[in-house]
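Peer 1: kindly generate the corresponding structure for this input.
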Amino acid sequence: KDLHLLCSYLLSAVPDLRTQLTGHVGWHDYQILIGDYAVGKGDEILALNTTINESIDQFSKKGKLDNWRSSVAGLCTSSSPLIFSICAGFASPLLRFTDIGSGGFHFQGTSSIGKTTLLKAAGSVIGGGEDGYISSWSTTLVGLEETALSHCDFLLCLDELKLVDADPVKAAKKACHAVYSLANDKGKTRSSAYTGKGASNKRWSVLVLSTGEQSLAEHADQAGVKRLPGEEVRLIDIPADLGCKLGIYEELISGFTDPAKLSEAISAGSQKYYGSPIRVFLSRLIKKYDPEGLQKRIDGLVEKFVTRNVKDNAPASDRRFAKRFGLVYAGGILAVKLDILPWKANQVRQAVDACYIAAYANRPGNTEKNRQKLIKRVCLKLSKMVDLLDFTTTKATDYSKAELQDCSGFKKENPNGQTCFYVRRKWLKKWCKTEAQINIALEHFEERGLFLPGSGNDQTQQKQIAGIKKRRRYYVFTAGAANFKRSWENQRQITIQQ
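Peer 2: Next up is the predicted model:
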């Protein structure tokens, strides 16, 4: 009788609040579940099913946003890959509002250059906990699907691709299938005989950030495996070292003289403070935009990036390739505008551009073509610099102060009788766009005797110009550097001789 009364009461009761038990984190209408923490408003309270609570700890929070801003984000400003990785953390929940689909980026490079630091910094945006936020490639395909579901609508950090399998051939094959599965937004449909739980067809939306000593393309080549169609625009290879000989850094911030020490400081900050950035970000984002407004804002930022980097007549695959970078750009810009990141929008743009350019240049078949385009651009700029002051026939005193201050450089004979171009750093950076591209160009010209570096490890020479108080540093090229045909044919001759 008592049981009957209880059942009648439960069936007739009209509760003020209802709780929706869900099997995964992430978006549910315009609410998002971050572990056991819900952001946004809905008709029902969101709660994660207690049978899958193992995914909650990785979304835990420690410290305040200001702590994370100073101890993590504030230390990352001298590395485009670090800025990019952190922006990817903020971009991950935005993926659901686009047509880009699951996928991500694979940072590849030699050991001990800071690749894992990229994952630690990016993961601290979302969470941490006792085991940290980073997952491993060392798992089965079924295990990877479970991991993807437990990171639904968030960043999935996977460390060290070679751990997929000790056998390189098997590792390459497994990696190809894993990438395709992750990017397909769903796992294989498995029968109850296999799962013991009824038919299984899991779905997710994730942005992947992966690391490894080899690129995915190299893994495939090593194993003689052809990458599946469209795979290279789903999980994109990015060089972790952009060519500045400092690992993941282009330079070191004040107070650090060793890249390893800076990475240690960032890692320590990531382990001490985490989780607050994404909670504050999503709270402010949902408060400022309705779903339609947010989608429109994201689409606008992605298109802005694509328009800036892709030509109108480029193939569709180039646009898909750029759109994934555009999503990261959108995440970073929104995090800056909502006062989550302590950076300027221009820093986000430059970092995402640098990673995009490096990734695009390293696409299969693009490496030599893009190198040639870069060298040709520098040669052309040198040959057509109409504002280059000619100190061979004139003196600095013949020019106004304004002309001296604004000039991009000057021409002059050196003590050996060679006519040389003295180019200011800011102009070379405009031509080459990134530090990595600058280094590629300088190495190219130096190998051919067309670039004259300074003493020691300095690539520039310091010169005093009459009329300008400060001594300035210049990149010094010989006149032959302006002749593209000569420099590129010279490259072919050197290659044959070697």
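Peer 1: what about stretch 409-420, how long is it end to end?
Peer 2: 10 Å (Cα to Cα, to the nearest Å).
Peer 1: average pLDDT for that stretch?
Peer 2: For stretch 409-420, mean pLDDT rounds to 78.
Peer 1: what does stretch 154-170 give?
Peer 2: 80.
Peer 1: buried sites along it?
Peer 2: Residues of stretch 154-170 classed as buried: 154-161, 164 (neighbour count, 16 or more other Cβ atoms under 10 Å). Using the backbone N, CA and C atoms, a C-beta is placed for each residue, glycine as well.
Peer 1: repeat for stretch 32-45
Peer 2: Buried residues in stretch 32-45, counted by 16+ other Cβ under 10 Å: 32-40.
Peer 1: quick one, longest helix in this structure?
Peer 2: Among the segments of the chain that qualify as a helix by DSSP state H, the longest is helix 316-337.
Peer 1: where in the stretch 1-150 of the chain is pLDDT low?
Peer 2: Filtered on pLDDT under 70, the stretch 1-150 of the chain yields the residue ranges 1, 50-55, 129-131.
Peer 1: quick one, the helix or strand in which L158 is found and helix 316-337 angle?
Peer 2: For L158, the host element (DSSP states H and E) is strand 155-159. With axes from the mean of the first three to the mean of the last three Cα atoms, to 10 degrees defining the directions, strand 155-159 sits at 110 degrees from helix 316-337.
Peer 1: strand partners (parallel or antiparallel) of strand 155-159?
Peer 2: strand 135-136 (parallel), strand 207-212 (parallel) (DSSP bridges).
Peer 1: quick one: which of these is nearest C87?
Peer 2: Closest of the strands paired with strand 155-159 to C87 is strand 207-212, at 10.6 Å (criterion: Cβ to Cβ).
Peer 1: sorry, back to before: ranking the strands paired with strand 155-159 by mean pLDDT, which is last?
Peer 2: strand 135-136 (a mean of 86).
Peer 1: separation between L48 and Y249?
Peer 2: 38 Å (Cβ to Cβ, to the nearest Å).
Peer 1: how about Y273?
Peer 2: Taken as Cβ to Cβ, the span from Y273 to Y249 is 21 Å.
Peer 1: tell me the centre residue of this protein?
Peer 2: For the chain, F84 is the residue whose C-alpha lies nearest the centre (Cα atoms, centre = their mean; 3.4 Å).
Peer 1: residue contacts, it?
Peer 2: 105, 238, 328, 351-352, 354-355 (Cβ atoms under 8 Å, 6 or more residues apart in numbering).
Peer 1: that one is in what secondary structure piece?
Peer 2: helix 80-91.
Peer 1: on that earlier part again, which SSE is immediately downstream of the longest helix of the chain?
Peer 2: helix 345-361.
Peer 1: which secondary structure element contains D299?
Peer 2: With DSSP H and E as the criterion, D299 is inside helix 291-309.
Peer 1: could you name the helices and strands sitting against that helix?
Peer 2: helix 316-337, helix 345-361 (3 or more Cβ pairs under 8 Å, 6 or more residues apart in numbering; DSSP states H and E).
Peer 1: any chance of those helices in JSON lines with mean neighbour count as columns?
Peer 2: Converted to JSON lines, the helices and strands packed on helix 291-309 look like this (neighbours: other Cβ atoms under 10 Å):
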{"stretch": "helix 316-337", "mean neighbour count": "23"}
{"stretch": "helix 345-361", "mean neighbour count": "21"}
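Peer 1: now K381, nearest residue through space, not along the chain?
Peer 2: W431 (5.0 Å; Cβ to Cβ, 6 or more residues apart in numbering).
Peer 1: so that neighbour makes contact with C379?
Peer 2: No. Using Cβ atoms under 8 Å as the test, W431 is too far from C379 to be in contact (10.0 Å).
Peer 1: of the two, who's got more company?
Peer 2: It is C379, of W431 and C379, that has more neighbours when counted by other Cβ atoms under 10 Å, with 23 against 17.
Peer 1: skipping adjacent residues, who's closest to that one in space?
Peer 2: Nearest one to C379, counting by Cβ to Cβ, 6+ apart, is F484 at 3.9 Å.
Peer 1: would you list the phi and psi of the one you found?
Peer 2: Main-chain torsions, F484, degrees, to the nearest 10: phi -60, psi -40.
Peer 1: please name the residues that touch it.
Peer 2: Applying Cβ under 8 Å, 6+ apart, the residues contacting F484 are 375-376, 379-380.
Peer 1: just the closest of those residues to D318, please.
Peer 2: Nearest to D318 among these, with distances taken as Cβ to Cβ, is K376, at 19.6 Å.
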